[in-house]
Every structure is written in C-alpha cells, then in structure tokens.
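J.: fold the following.
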Amino acid sequence: MAFCNVIFSEAAARVRDSLPDDRLEVFHEGLAILAKDPRTKISAAISGDENTSSVALSHTMAIEYVISDGLLIVLVVHIVDTSHVLVENKN
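T.: The predicted structure follows:
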C-alpha cells in the first residue's frame with residue numbers, strides 16, 4: 001500500500017491551523033489513515049475523474065481533496081459546530 005504525502009491549500013491550512021489541540025489531534029489521525037488509502041470505500045468522488053473526493057474525518061470534520069502523483073492535496077476543510085443548530089434531532 002502506497003503512502004501519499006499530504007499538502008494543503010492556503011484556505012485549508014488556515015482552517016487546520018485554527019483548530020484547538022484536541023480537534024487537531026483527531027484531524028491528523030484521520031489524515032494519517034487517509035494518506036495510506038486515499039480512495040477508501042467511505043470517500044465520495046466529487047468529480048468525473050474520481051481524483052477529487054470528499055470524506056468525513058470525524059463527526060464534525062470533513063475534507064475535500066485531490067489525489068495526484070503521490071500527493072493528497074487537501075483543498076477544503078469543513079468544520080461543523082454542533083453546539084448551536086436550527087433543528088434538534090427528534091428521537
């Protein structure tokens with residue numbers, strides 16, 4: 001299994017750098033797993049060539065990324081803050 005080097009767009013790096021330490025640890029753990037298998041079954045292709053994908057690293061963090069020439073390029077980091085929501089889950 002090949003290992004991809006991970007690099008970030010400027011926008012993705014800004015979001016990454018703003019994460020508190022506990023969330024940053026989870027973020028890096030998810031990226032380490034993804035770098036070993038960037039075409040994991042739970043990722044979703046978001047382009048026709050299947051090199052651009054999206055995956056949730058945790059319940060509150062997701063990324064969009066491109067795989068190219070041994071690189072995993074993180075384009076966008078999505079952070080979901082669930083402390084305030086419009087509609088609560090109905091159990």
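
J.: correct me, but residue 35 touches residue 3?
T.: Yes - using Cβ atoms under 8 Å, residue 35 is in contact with residue 3, at 5.7 Å. Any C-beta I mention is one placed from the backbone N, CA and C, and that applies to glycine too.

J.: higher neighbour count, the two?
T.: residue 35 (15 against 12; other Cβ atoms under 10 Å).

J.: need the nearest residue in space to the more buried one, chain neighbours excluded.
T.: Using Cβ to Cβ, 6 or more residues apart in numbering and skipping residues adjacent in sequence, the residue nearest residue 35 is residue 4, 4.7 Å away.

J.: find the residue at the geometric middle of the protein.
T.: Among the residues of the chain, the one closest to the centroid is residue 63, at 2.7 Å (Cα atoms, centre = their mean).

J.: would you agree that residue is in contact with residue 54?
T.: Yes - proximity of residue 63 to residue 54 meets the contact threshold set by Cβ under 8 Å, at 7.0 Å.

J.: could you pick out the longest helix of the chain?
T.: helix 21-36 (DSSP state H).

J.: ok so, going back, and the angle from the helix or strand hosting the residue nearest to the centre of the chain to helix 21-36?
T.: Assigned by DSSP states H and E, residue 63 belongs to strand 61-68. Strand 61-68 runs at 30 degrees relative to helix 21-36, counting by axes from the mean of the first three to the mean of the last three Cα atoms, to 10 degrees.

J.: surely residue 40 and residue 30 touch.
T.: No - counting by Cβ under 8 Å, residue 40 does not reach residue 30; the two are 10.5 Å apart.

J.: higher neighbour count, the two?
T.: Between residue 40 and residue 30, residue 30 has the larger neighbour count (other Cβ under 10 Å), namely 17 against 11.

J.: so the more buried one is in contact with residue 58, correct?
T.: Yes - proximity of residue 30 to residue 58 meets the contact threshold set by Cβ under 8 Å, at 6.2 Å.

J.: I'd like to know how many residues surround the nearest residue to residue 77 once chain neighbours are set aside.
T.: Nearest-residue entry for residue 77: residue 15, 4.0 Å, with adjacent residues in sequence omitted and distances by Cβ to Cβ, 6+ apart. The number of residues packed near residue 15 is 18, by other Cβ under 10 Å.
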